[in-house]
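*Asks:* Model the following, please.
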Amino acid sequence: MRAIVSLFFSVACALALVVGGPAEGANTLMVFGAASLTEFLQEAKTSFEKEHPGTTVRLNLAASSRLRIQIEHGGPADVFLSADTKNMDPLVQAKLAERSSIFAHNRLVIAVPKRNPAHIEAPADLAKPNEKLVVAAPETPIGTYTREVIQKMDASGKYGKRFGARALANVCSNEPTVKAVVAKVNLGEADAGICYASDITPAVRPNVSVIDIPDEFNVIADYPIAVIAGSRQKDLASQFVRFVLSPKGQSLLVKHGFVNARPTE
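*Replies:* All right, here's what the predicted structure looks like:
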């Protein structure tokens with residue numbers, strides 16, 4: 001029942017962006033974006049509006065899985081930027097979104113509080129007894145990637161017997177977004193968290209340290225973008241997609257910690 005209520009609330013909030021908010025102008029663009037893209041999209045919004053006088057970009061930022069459900073239930077999106085292809089492909093296949101393009105990549109890291117009370121120094125320490133590990137919910141892209149990383153580390157045999165089971169037993173919270181994971185670590189409410197490299201922003205760096213995950217166990221996240229088929233702003237939506245894929249958009253992504261998917265200036 002709680003999941004159904006949550007889904008209803010999520011869809012209702014998306015619809016309220018238009019139905020319950022100010023009247024939309026002819027040049028208003030609704031952009032649904034993965035939470036990990038928050039800082040990038042906030043700056044991209046400003047830049048795009050400056051290049052297109054009279055245009056207003058409105059952002060709906062949440063887990064990609066939740067955004068997909070909102071779009072499937074009629075959420076008023078013009079453009080969707082997902083943190084994985086798993087939540088984009090069903091929309092394309094159902095003809096709810098046009099052909100997608102990969103616009104960025106990301107990788108995972110371990111975040112720990114700067115004072116590091118649990119003395120976590122390496123990935124192996126994720127399985128230390130009584131540690132408070134915070135991760136994203138399994139239905140989110142980052143939650144899926146997190147469990148893939150732990151499974152790879154477990155299968156390698158390099159981190160001791162039952163590493164995966166021991167690490168997952170330390171999970172004290174499954175958060176709805178990657179931003180919530182980082183917030184818990186930033187506030188010292190967790191001993192460690194697994195997030196995207198791009199989520200270690202200037203705002204959290206004073207309170208958070210990063211432990212790298214070896215490439216052999218890491219996951220490279222592909223971020224796709226697409227115009228929503230039911231968009232009433234197809235031309236403007238296409239222009240926004242081109243902006244993200246342009247050298248300027250790609251440079252902004254690099255600035256915010258992502259790996260660009262296209263050549264930059």
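*Asks:* where does the chain have its least confident helix or strand?
*Replies:* Lowest on mean pLDDT, DSSP states H and E among the helices and strands of the chain sits helix 2-19, with a mean of 43.
*Asks:* hey, where'd the helices end up in the stretch 51-200 of the chain?
*Replies:* Using DSSP state H, counting those that start in this stretch, the helices assigned to the stretch 51-200 of the chain run over residues 64-72, 89-93, 141-156, 163-169, 178-186.
*Asks:* Tell me which residues are up against the second one.
*Replies:* This means helix 89-93. Residues outside helix 89-93 that contact it (Cβ atoms under 8 Å, 6 or more residues apart in numbering) are 68, 71-72, 80, 97-100, 226, 228. For glycine as for every other residue, the C-beta is placed from the backbone atoms N, C-alpha and C.
*Asks:* Also stretch 47-56?
*Replies:* With contacts defined as Cβ under 8 Å, 6+ apart, stretch 47-56 is touched by 25, 27-29, 57, 236, 239-240, 243, 248, 252.
*Asks:* Please pick the buried ones from those.
*Replies:* Among those, those classed as buried by 16 or more other Cβ atoms under 10 Å are 28-29, 57, 236, 239-240, 243, 252.
*Asks:* how about the contacts of stretch 47-56 in a markdown table, adding pLDDT, distance to residue 108 and secondary structure?
*Replies:* Output for the contacts of stretch 47-56, formatted as a markdown table (pLDDT from 0 to 100; distance: Cβ to Cβ, whole Å; DSSP: H, G, I helix; E, B strand; the rest coil):
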| residue | pLDDT | distance to residue 108 | secondary structure |
| --- | --- | --- | --- |
| 25 | 56 | 39 | coil |
| 27 | 91 | 38 | coil |
| 28 | 96 | 35 | strand |
| 29 | 98 | 31 | strand |
| 57 | 98 | 29 | strand |
| 236 | 97 | 34 | helix |
| 239 | 98 | 32 | helix |
| 240 | 98 | 27 | helix |
| 243 | 98 | 27 | helix |
| 248 | 96 | 27 | helix |
| 252 | 97 | 21 | helix |
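*Asks:* Out of those residues, flag the one nearest to residue 165.
*Replies:* Residue 165 lies nearest to residue 252 out of these, by Cβ to Cβ, at 40.6 Å.
*Asks:* which residues touch that closest one?
*Replies:* 40, 43-44, 47.
*Asks:* repeat that for 6 Å
*Replies:* Counting by Cβ atoms under 6 Å, 6 or more residues apart in numbering, residue 252 makes contact with 40, 43-44.
*Asks:* Among the residues you listed, find me the one that's closest to residue 106.
*Replies:* residue 40 (10.8 Å).
*Asks:* And for that closest one, the neighbour number?
*Replies:* Neighbour count for residue 40, taken as other Cβ atoms under 10 Å: 24.
*Asks:* and it, which of the three is it?
*Replies:* Recorded secondary structure, residue 40: helix (DSSP: H, G, I helix; E, B strand; the rest coil).
*Asks:* That one contacts residue 256, correct?
*Replies:* Yes: in this structure, residue 40 is within contact of residue 256 by Cβ atoms under 6 Å, at 4.3 Å.
*Asks:* Max pairwise distance over the buried ones among the contacts of stretch 47-56: which two?
*Replies:* Spatial extent of the buried ones among the contacts of stretch 47-56 (Cβ to Cβ) is set by the pair 28 and 252 at 21.5 Å.
*Asks:* Was I right to think residue 124 contacts residue 159?
*Replies:* Yes: contact criterion Cβ under 6 Å: residue 124 and residue 159 qualify, at 4.8 Å.
*Asks:* So between those two, which is more surrounded?
*Replies:* More crowded of residue 124 and residue 159, by other Cβ under 10 Å: residue 159, with 21 against 14.
*Asks:* And the more buried one, how far from residue 151?
*Replies:* Remark: distance between residue 159 and residue 151 (Cβ to Cβ, to the nearest Å) = 12 Å.
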